[in-house]
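A.B. asks: okay, here's the prediction I keep looking at, along with the sequence it came from:
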Amino acid sequence: SQKIEQNSEALNIQEGKTATLTCNYTNYSPAYLQWYRQDPGRGPVFLLLIRENEKEKRKERLKVTFDTTLKQSLFHITASQPADSATYLCAHDGGSQGNLIFGKGTKLSVKP
Amino acid sequence: NAGVMQNPRHLVRRRGQEARLRCSPMKGHSHVYWYRQLPEEGLKFMVYLQKENIIDESGMPKERFSAEFPKEGPSILRIQQVVRGDSAAYFCASSPPWRGEQYFGPGTRLTVT
């Protein structure tokens, strides 16, 4: 079955540093990967989508890469701020018509 | 432009009762998805609907759970004869046609006592 794994349950970094989160997938080649942010008690918020033919995508301080050889996506937050503290989820389409398969998430804490 | 709306936000039911969760998608979105999130676990897909059609229900438990998205009105996730294991956060998401990203509602937190 398709699996999607986010290697770190938690990541603690200092304000101003770059946070790098990892997402690996197995047993499937997704057409795209997505990243979401989830705050406690709230629904996930869509951040970025990257397609299999795109190597990199940026949005403000966020950058996502997609390496189909390594079956991996990296999510970077540059110049991190305490307000970036949240759980970040990665997801792919799983070969279905529309539903997403999510990783368990990485909880990022940015310390001032 | 209002986002995805879910109600109620919190729902308490006793074992054996029925739970009805409602979801109104974003304006212009014709695709609705339901997910369940258990504590310390990831989001799990349950069902994907378009107006009056169930497209994929591969994540739905075979018994007690049903979903609909009628021509008029919100999408409904219905859980009959709830058990303690149904306690979870249930999220609804919507998307426009031909777009991969999904927009989530705030969730309904179901507690079964």
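C.D. replies: Yep, it's here.

A.B. asks: ranges for the helices of chain B?
C.D. replies: Assigned by DSSP state H, the helices in chain B number zero.

A.B. asks: give me every residue that touches the spatially most central residue of it.
C.D. replies: In chain B, the C-alpha closest to the average C-alpha coordinate belongs to residue B:34, at a distance of 3.7 Å (Cα atoms, centre = their mean). Residue B:34 makes contacts with B:23, B:45-47, B:67, B:75, B:77, B:90-93, as judged by Cβ atoms under 8 Å, 6 or more residues apart in numbering or on different chains. Glycine gets a C-beta too; all of them are placed from N, C-alpha and C.

A.B. asks: ok, and which of those reach chain A?
C.D. replies: B:45, B:91, B:93 (Cβ under 8 Å from any Cβ of the partner chain).

A.B. asks: next, work out how far apart the last one and residue B:6 are.
C.D. replies: Right, the one you point to is residue B:93. According to Cβ to Cβ, to the nearest Å, residue B:93 stands 10 Å off from residue B:6.

A.B. asks: now the residue in chain A that chain B sits nearest to, nearest residue through space, not along the chain?
C.D. replies: Using Cβ to the nearest Cβ, the single residue of chain A nearest to chain B is residue A:43, 3.5 Å away. Closest residue to residue A:43 apart from its sequence neighbours, by Cβ to Cβ, 6 or more residues apart in numbering or on different chains: residue B:104 at 3.5 Å.

A.B. asks: specify the beta-bridge partners of that neighbour.
C.D. replies: residue B:93 (DSSP bridges).

A.B. asks: got it, and residue B:23?
C.D. replies: Beta-bridge partners, per DSSP bridges, of residue B:23: residue B:6, residue B:75.

A.B. asks: which residues of chain A lie near chain B?
C.D. replies: Contact residues, chain A versus chain B (Cβ under 8 Å from any Cβ): A:31-32, A:34, A:36, A:41-46, A:49, A:89, A:91, A:93, A:96-105.

A.B. asks: just the buried ones from those, in PyMOL syntax?
C.D. replies: Provided next is the PyMOL selection string for whichever of the residues of chain A next to chain B are buried by 16 or more other Cβ atoms under 10 Å in any protein chain shown:
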select buried, chain A and resi 32+34+36+43+44+46+49+89+91+93+96+98+99+100+101+102+103+104+105
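
A.B. asks: shaky segments in chain A?
C.D. replies: Scanning chain A for pLDDT under 70 picks out the ranges A:1-2, A:95-97.
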